[in-house]
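# My questions concern the predicted model and sequence given below.
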Amino acid sequence: MTTRTFATSNPPEVPVFDHLKSGKKTVDGRPYSPKYQQVESGDTIVFTSSGKKHKATVKSVKKYKTLKGYLRGEGLRRTLPGVTSVAEATRIYNKWSTPKQRSKLRQKYGYAMLAIRV
């Protein structure tokens, strides 16, 4: 088991870090890059945001082929509490990376999202 640190945003429209800390958000989606491919059940994740920290234990990891598949498979209530549509959730997730970054990930690793249940 490994301890890993992940930077997490906390925008007012969807306070991801606050939702993780309060337990409202129980699944965290990450791109399928080498950094996140190594995450395993039992690992400790330290989520950070603006100097704040929150520790969680990974319960399981599941790979999805698409962002929409991840959002539908895990449910908006667990992935982005307060967001009511997959279209809005997709728009929010896409704000955290550029089209060029997403294209590079798809070309190099295939398009996938990791669902990390915490």
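That came through fine. Quick caveat, the model's predicted, so the values are computed rather than measured. Residues are numbered from 1 along each chain as shown.
# Only C-alpha atoms from now on, for both contacts and neighbour counts.
Will do.
# Can you list the low-confidence ranges for this protein?
The model of the chain has pLDDT under 70 over residues 110-114.
# got the residue ranges for the strands in it?
Under the criterion DSSP state E, strands of the chain are mapped to 3-7, 27-31, 44-49, 52-57, 60-64, 113-117.
# Against which helices or strands is the second one packed?
Helices and strands touching strand 27-31, by 3 or more CA pairs under 8 Å, 6 or more residues apart in numbering; DSSP states H and E, are helix 76-79, strand 113-117.
# That strand vs strand 3-7, what angle?
If you take axes from the mean of the first three to the mean of the last three CA atoms, to 10 degrees, strand 27-31 sits at 80 degrees to strand 3-7.
# Can I get strand 27-31 as CSV, trimmed to CA atoms?
Extracted C-alpha coordinates of strand 27-31, given in CSV (Å, rounded to 0.1, in the frame of the first residue of the first chain):
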residue,chain,number,x,y,z
VAL,A,27,-15.7,8.7,-6.2
ASP,A,28,-12.8,10.7,-7.7
GLY,A,29,-12.2,10.5,-11.5
ARG,A,30,-8.7,10.8,-12.9
PRO,A,31,-7.3,10.5,-16.4
